[in-house]
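>>> Following is a predicted model, sequence given first.
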Protein chains: 4
Amino acid sequence: MGAGENARAIDIRNAFALGSAIADEGWIVLTGGRNRGVMDAVNKGAKASGGLTVGILPTKDRRTISGAVDVAIITDMGSARNYINVLTSDVIVACGAGGAGTASEIALALKSNKFVVLFNSSKESRALFKKIGGRLVLEADSVSKTVEVIRLLLAKMERVRRGQ
Amino acid sequence: MGAGENARAIDIRNAFALGSAIADEGWIVLTGGRNRGVMDAVNKGAKASGGLTVGILPTKDRRTISGAVDVAIITDMGSARNYINVLTSDVIVACGAGGAGTASEIALALKSNKFVVLFNSSKESRALFKKIGGRLVLEADSVSKTVEVIRLLLAKMERVRRGQ
Amino acid sequence: MGAGENARAIDIRNAFALGSAIADEGWIVLTGGRNRGVMDAVNKGAKASGGLTVGILPTKDRRTISGAVDVAIITDMGSARNYINVLTSDVIVACGAGGAGTASEIALALKSNKFVVLFNSSKESRALFKKIGGRLVLEADSVSKTVEVIRLLLAKMERVRRGQ
Amino acid sequence: MGAGENARAIDIRNAFALGSAIADEGWIVLTGGRNRGVMDAVNKGAKASGGLTVGILPTKDRRTISGAVDVAIITDMGSARNYINVLTSDVIVACGAGGAGTASEIALALKSNKFVVLFNSSKESRALFKKIGGRLVLEADSVSKTVEVIRLLLAKMERVRRGQ
């Protein structure tokens, strides 16, 4: 998750590298699906490494779909689709500080008891969401660190699933 | 908007007084509709002053509806109903710091370009949402101040609507 | 529920009379909320008798709201709002044959185990929905008969609620 | 789309064969995603031919997901997810007569101006939906005929997209 129209250049670069790294791990990239900012970049990165990409779109306008999305889910539900984004994901990564949309996804993820990795987030975002989410919120300051944290979380979730 | 199960006593008292004051103004109270915490208290306050109350419920379980809700809207959409809450409201008030649900509503409101009044919020919440929302975010530290801010915002929205 | 843009004159007249009769019973009218066809007419009828009207709108465009709706719920969820319409209603009335939207509401109501009254429906609609819904589907050919059927259904539901 | 718990043996067999044939064409199978009836069978058929399967689930309960779904989208929106099913699909196939859920999907598809193929539907369903949907509704009585109709529809949609 991350900024769309207002994404910074550094967030776009990180998103591309992260998408590529996620695909290298064999994981699926899921985003809000639009052809803008972090969403678009992480999908392009994943495709560059041959990954599978899923986009959950807010509107029926097919011109807004990222060209790097393999499976485009059309909701016509505006920002209510953010709830589907977080429920469908095993781990949520917020790439960059993001804006109101990203904050809503982090909050909805915590409400749904999902793990969130804040990758290069703002200090205000880290302060609020660590306070609200406690152990569900983790931080990372590089692509490799983000992937490492996801790997640990997936292993933890797998152990819980097996009842260990 | 505000905490459900984990609401503090002070937030419950403020919510009741706020509901009562909103009803005195002739405004409609809209909440998440459950019989818990801030939602329940603001509805009870509004009914104590003869107001109209609308609740947007997350599930089909009718036992969870606040007894002080006049019009109960059943969504069966979990936290996706938070998006309906903010779109349907003219002004959103977060009463107390709240948790992940409240944060998601503030963020969804700002994403939808709605005014948000933070009434006795945490400093972390104020810091993040002022940064994200700018002029859309206002603060209040009492019921009377909250009502005053809402009145100003409604007047402002009315002027915009009339094109003045 | 019923046709919007394509409503017949007879359906509009029946919807107005039905809205008025529902308000006379002290019941709340709930519709899709737009300023078109059956939705608009039933709300106008209810207001003519001093009733309360609730509209669940599919889009954020406030110009599409019926002027006779008291409580406008904004979903921005397109036809997914049809699911909210039926879950929120105690009894669903399809006024006239309607089109695809009305058929979707009847089907969603039956899926949710809700009673549906087909008031002046088409023979094709009656045939399919009686087959699918069985005892959940009732028929009426006048406003007074529709109100009578609703009254019986509400009494039946009240008995079930009380465990009698 | 088709019956879940109440699917007939013939519909299950047809769904499996259809899923297999769809995968052979290189198309993606999208269903409601549960491990029941037509949904489950069409996914199993698609996987038997090495296809990609997407399931849009109504609840958060992961035990209800078909084991043959590759990409499981979790909505927690009950039957409102039927709207996402039809918007996301290029062509909707109703396999067997189905019940209220299938009827709601056919109706929502027609409301959204989507093509629907009725494969071995009931005569009541054919009568109503042909009346409502006109040229949007096609019929088929075998797997090969269904695939042929889909192929023609996709070609037609492609010509429209290209403005020919």
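On my side now, so go ahead.

>>> Please tell me how far the residue nearest to A:G50 when sequence neighbours are not counted sits from chain D.
Nearest residue to A:G50, sequence neighbours excluded (CB to CB, 6 or more residues apart in numbering or on different chains): A:A23, at 6.2 Å. Any C-beta I mention is one placed from the backbone N, CA and C, and that applies to glycine too. From A:A23 across to chain D, the span is 15 Å (CB to the nearest CB, to the nearest Å).

>>> before we move on, what about A:I28?
7 Å.

>>> Does chain D have contacts with whichever strand or helix holds A:T146?
Following DSSP states H and E, the helix or strand that holds A:T146 is helix A:143-161. No: under the criterion of CB under 8 Å from any CB of the partner chain, chain D is not reached by helix A:143-161; the shortest gap measures 9.3 Å.

>>> tell me what that helix is packed against?
For helix A:143-161, the elements it packs on are helix A:9-24, strand A:91-95, strand A:115-119, strand A:137-140, judged by 3 or more CB pairs under 8 Å, 6 or more residues apart in numbering or on different chains; DSSP states H and E.

>>> buried ones in it?
For helix A:143-161, the neighbour count (16 or more other CB atoms under 10 Å in any protein chain shown) marks A:143, A:146-147, A:149-150, A:153 as buried.

>>> relative to strand A:115-119, how tilted is it?
170 degrees (axes from the mean of the first three to the mean of the last three CA atoms, to 10 degrees).

>>> Might you report the residue contacts of A:D141?
Shown in contact with A:D141 (CB atoms under 8 Å, 6 or more residues apart in numbering or on different chains): A:119-120.

>>> What separation do you get for it and A:N120?
6 Å (CB to CB, to the nearest Å).

>>> what do you get for A:A17?
Separation of A:A17 from A:N120 (CB to CB): 12 Å.

>>> for A:R159, same thing?
28 Å.

>>> and if you look at A:E158?
27 Å.

>>> Flag every residue of chain A that's near chain C.
Counting by CB under 8 Å from any CB, chain A comes close to chain C at A:60, A:76-80.

>>> farthest-separated two in these?
Within the residues of chain A next to chain C, A:K60 and A:S79 form the most distant pair, 14.9 Å apart (CB to CB).

>>> Which of those two has more residues huddled nearby?
Counting neighbours by other CB atoms under 10 Å in any protein chain shown for A:K60 and for A:S79 shows that A:S79 has the greater number, 25 against 12.

>>> Check what pLDDT the more buried one gets.
At A:S79, the pLDDT value in this model is 98.

>>> ok, which residues in chain A are in contact with chain D?
Residues of chain A lying near chain D (CB under 8 Å from any CB): A:28, A:52, A:54, A:56, A:60, A:71-77, A:83-84, A:87-88.

>>> among those, which are in strands?
A:54, A:56, A:71-74 (DSSP state E).

>>> Quick one: low-confidence residue ranges for chain A.
Within chain A, the segments meeting pLDDT under 70 span A:164.

>>> Within range of chain B, give me the residues from chain A.
By CB under 8 Å from any CB, the residues of chain A that approach chain B are A:77-80, A:82-84, A:99-101, A:103-104, A:107-108, A:110-112, A:122, A:124-125, A:127-129, A:131-133.

>>> Doesn't A:G2 lie inside a strand?
No: read with DSSP: H, G, I helix; E, B strand; the rest coil, A:G2 is coil and lies in no strand.

>>> For burial, what's the neighbour tally of the nearest residue to A:I12 once chain neighbours are set aside?
Nearest in space to A:I12, with sequence neighbours left out and distances taken as CB to CB, 6+ apart, is A:A41 at 4.6 Å. Neighbour count of A:A41, defined by other CB under 10 Å: 25.

>>> wait, isn't A:A41 in contact with A:G19?
Yes: counting by CB atoms under 8 Å, A:A41 does reach A:G19; the two are 6.8 Å apart.

>>> The helix or strand where A:A46 lies versus strand A:91-95: what angle between them?
In this structure, A:A46 sits in helix A:37-48 according to DSSP H and E. Orientation check (the same axes, to 10 degrees): helix A:37-48 against strand A:91-95 gives 120 degrees.

>>> And helix A:37-48, what does it pack against?
helix A:9-24, strand A:29-31, strand A:53-57.

>>> Adding mean neighbour count and distance to A:A3, write these out as TSV.
Formatted as TSV, the helices and strands packed on helix A:37-48 follow (neighbours: other CB atoms under 10 Å in any protein chain shown; distance: least, CB to CB, whole Å):
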stretch	mean neighbour count	distance to A:A3
helix A:9-24	21	6
strand A:29-31	27	12
strand A:53-57	26	16
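
>>> among those, which is nearest A:I65?
strand A:53-57 (6.1 Å).

>>> Direction included, what does the closest one pair against?
Partners of strand A:53-57 in the sheet, by DSSP bridges, are strand A:29-31 (parallel), strand A:71-74 (parallel).

>>> Tell me what angle it forms with helix A:9-24.
Using the same axes, to 10 degrees: strand A:53-57 against helix A:9-24 is 130 degrees.

>>> roughly how far out does strand A:53-57 sit from the chain middle?
Counting by CA atoms, centre = their mean, to the nearest Å, strand A:53-57 is centred 11 Å from the centre of its parent chain.

>>> got it, and stretch A:98-112?
10 Å.

>>> from memory A:I106 sits against A:F129, does it?
Yes: counting by CB under 8 Å, A:I106 does reach A:F129; the two are 5.5 Å apart.

>>> what about these two, which has more around it?
Taking neighbours as other CB under 10 Å, A:I106 and A:F129 compare with A:I106 leading, 30 against 26.

>>> Name all residues that make contact with that one.
Taking CB under 8 Å, 6+ apart, one finds A:1, A:92, A:94, A:116, A:118, A:125, A:129, A:133 in contact with A:I106.

>>> any idea how far it is from chain C?
Distance, A:I106 to chain C, by CB to the nearest CB: 21 Å.

>>> Only C-alpha atoms, please: export the helix or strand where that residue lies in PDB.
If you go by DSSP H and E, A:I106 is part of helix A:100-111. C-alpha atoms of helix A:100-111 as PDB (Å, rounded to 0.1, in the frame of the first residue of the first chain):
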ATOM      1  CA  ALA A 100      -5.300   9.300   3.800                       C
ATOM      2  CA  GLY A 101      -5.900   6.200   1.700                       C
ATOM      3  CA  THR A 102      -2.800   4.400   3.000                       C
ATOM      4  CA  ALA A 103      -3.600   5.400   6.600                       C
ATOM      5  CA  SER A 104      -7.100   3.900   6.200                       C
ATOM      6  CA  GLU A 105      -5.600   0.700   5.000                       C
ATOM      7  CA  ILE A 106      -3.200   0.500   7.900                       C
ATOM      8  CA  ALA A 107      -6.000   1.200  10.300                       C
ATOM      9  CA  LEU A 108      -8.400  -1.300   8.700                       C
ATOM     10  CA  ALA A 109      -5.600  -3.900   8.800                       C
ATOM     11  CA  LEU A 110      -5.000  -3.400  12.500                       C
ATOM     12  CA  LYS A 111      -8.800  -3.500  13.100                       C
END
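
>>> hang on, the earlier thing: I would like the residues contacting the helix holding A:A46, please.
A:1-7, A:11-13, A:15-23, A:29, A:31-34, A:52-53, A:55, A:66, A:68-70, A:95-96, A:98.

>>> what do you get for stretch A:114-121?
Contacts to stretch A:114-121, defined as CB under 8 Å, 6+ apart, come from residues A:10-11, A:14, A:18, A:86-87, A:89, A:91-98, A:106, A:109-110, A:125-126, A:129, A:133, A:136-141, A:143, A:145-146, A:149-150, A:153, A:157.
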